[in-house]
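Participant: Fold the following.
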Amino acid sequence: MSNYYNRASNFSISQPNFTEITVQNGVSGLQWLSQFMARGASHDSKDQYDAPKCHPDTRTQLLGDINEWIKITDKETGIMFLHGPAGSGKSCIARSVCHDASSEGLLGGSFFFRRGTSDRNNADKLFTTIAYQLAMANKDLGQYILAEVGRNPQIVHMSLKEQFRRLIFEPCCSIPKDRLLIKAIVIDGLDECDDASMQVSILKLLAKAVRYEGFPLGIFITSRPELHIREVFDTKEIIFATQVISLDRIPGVAQDIRTVLESGFTRILNDPRFRTCLKSVPRPWPPPDVINKIVQRSSGQFIYSATVLKFVSSPDHNPASQLEIVLGIRESHDSTFPLSDLDLLYRKIISRVPHPKRAIKVLGYIIAMKQLGRKNSSDSKHISESILNFSLDITKAVLHNQNRLLLVIDQLLDFPHGESYLALNQLHSLISLNIGSNSTRRHLNITFYHKSFQDFLTTKKRSGIFYVSARTIHADIAQSCLKFMGLSKYETDEHHGVLKSFTVKFI
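Facilitator: Alright, predicted model coming up:
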């Protein structure tokens, strides 16, 4: 990358009234730039304006901290990176941040990526969209941006690096800070940009910009915790310029989810459409124990509670009956399913990994081995007692030491060494593969962010082609154990070394 950051403040440009700049055929610079915006990507577009934001009584501390960071003129960390699992409310937070910053005149621009949506599932119009918003947000800045467009209308077709330099970086660095009220740019859902290499390039470009002392804007970015994105933020040149917020470590989430549920159910109770059918329902509705149960099932993910409220408030059904379906008290008599929106999210995420069948196989073995570790597992009753006991010995050992869990699964599935870990690498928005350490050794901890994801995988009606049959996998594990029980204890093949150590110990 060139050293243009070092010379950004050494150029000059005239400051015409940008409303008079024409590009070609009488088209103004602003009109020309607007033709290369991604429709629906900005926070004030019709696609985003009515989309969910944070409930006013939730995320208060987090939003307060973000808003305070935005207001700082000379930020020690020019990027704030907020990441969290699928369904944790990142976009709601980003919209709330945009709303608050915009109301105070501090927002320069925003871009909400969205997978599967033309113009918003790629970065082609990222910087032209933000440049247009910057020009509209500040007249002085607009003069610089639109003068550049007037000099070179083809800037909209140049590389992202050139667009960022000419339309955002250099104009922003040329305005005295006391004349630039805007303080931040918001980019939401970076992981939903289809090109992973482009995601990395954007991050490196932005990180280099904020390290330049004359660049006046902070950049707030949200994303799922995909491995390649987290690796960029762990590099030396970026880590010191970034403040990282992990949503799965934010306290008070359960209470926030409870607030959302209570507010949502109150809204349903007061809805004139449901007044008659809910008239005889005992109050309070739902009772506190039901609210507690839904909060517990949410596993800290707002999307679960939002999905429940959407299902219960279906205009064509009785909310009380719908809630009983959610709780499993009543069966649904039509094709609707309480968690269909959540299931769609899971299917989309799994479908995008390089080898979905392999990933599902590994997830199935993790789930099955945990079930097998429970003595009264009904799915394991079909396995003969001696093989079951042997399988239990192996399962308990590897669950106690999860460092070896994926290595053992490699052997059970006859995968090359490390293949199971690679298969799960693209599912960081659904599971956590944390490598921690203590005073003696490093350890791996595998965690499902959301219990409903396990339920999805093990319920054929919900998961379809991604269904995991624990019963079948238990039988596979037993068959593999039979195979390895026949190994000589003098076996020295490195690939079988881990499992051999258990067979020697337990038989």
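
Participant: Now do the contacts for the residue positioned nearest the centre of the chain.
Facilitator: When CA atoms, centre = their mean is applied to the chain, the residue found nearest the centroid is Arg224 (2.6 Å). Arg224 makes contacts with 83-86, 90, 191, 428-429, as judged by CB atoms under 8 Å, 6 or more residues apart in numbering. The way it works is simple: take the backbone N, C-alpha and C, and place the C-beta from them, glycine included.

Participant: all strands for the stretch 201-350 of the chain, in order.
Facilitator: Along the stretch 201-350 of the chain, the stretches classed as strands by DSSP state E, counting those that start in this stretch are 218-223, 242-246.

Participant: try the stretch 351-500 of the chain
Facilitator: So, for the stretch 351-500 of the chain - with DSSP E, counting those that start in this stretch - the strands run 431-437, 442-448.

Participant: about what we covered before: out of the contacts of Arg224, which sit inside strands?
Facilitator: Among those, the members found in strands (DSSP state E) are His83.

Participant: Looking at the contacts of Arg224, which is nearest Lys46?
Facilitator: Set against Lys46, the nearest of the contacts of Arg224 by CB to CB is Lys90 (21.0 Å).

Participant: does that closest one really touch Leu82, like I thought?
Facilitator: Yes: applying CB atoms under 8 Å as the test, Lys90 and Leu82 come out as touching, 6.3 Å apart.

Participant: quick one: common contacting residues for these two?
Facilitator: Both Lys90 and Leu82 are in contact with 222-223, 247, where contact means CB under 8 Å, 6+ apart.

Participant: any idea which of the residues you listed has the most stuff around it?
Facilitator: Neighbour counts for these (other CB atoms under 10 Å) peak at Thr222, which has 27 neighbours.

Participant: Could you list the low-pLDDT ranges of the stretch 401-507 of the chain?
Facilitator: The stretch 401-507 of the chain contains residues with pLDDT under 70 at 401-403, 434-444, 484-507.

Participant: repeat that with 90
Facilitator: Counting by pLDDT under 90, the stretch 401-507 of the chain contains low-confidence residues at 401-414, 417-418, 421-422, 424-452, 461, 469-507.

Participant: The stretch 51-200 of the chain too?
Facilitator: 51, 73-76, 86-87, 115-116, 176-180.

Participant: And the strands in it?
Facilitator: Residue ranges of the strands in the stretch 51-200 of the chain, as given by DSSP E, counting those that start in this stretch, are 79-83, 107-112, 184-188.

Participant: Would you format the ones you listed as JSON lines with distance to His417 and mean neighbour count included?
Facilitator: JSON lines is the format used below for the strands of the stretch 51-200 of the chain (distance: least, CB to CB, whole Å; neighbours: other CB atoms under 10 Å):
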{"stretch": "strand 79-83", "distance to His417": "29", "mean neighbour count": "23"}
{"stretch": "strand 107-112", "distance to His417": "41", "mean neighbour count": "26"}
{"stretch": "strand 184-188", "distance to His417": "38", "mean neighbour count": "25"}
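
Participant: Can you say which of those is nearest to Gln199?
Facilitator: Comparison of the strands of the stretch 51-200 of the chain against Gln199 by CB to CB identifies strand 184-188 as nearest, at 10.4 Å.

Participant: so which of the contacts of Arg224 comes closest to Ala38?
Facilitator: Comparing those against Ala38 with CB to CB places Asp191 closest, at 16.6 Å.

Participant: if I pick that closest one, what's in contact with it?
Facilitator: 113, 199, 223-224, 226, 229, 429 are the contacts of Asp191 under CB under 8 Å, 6+ apart.
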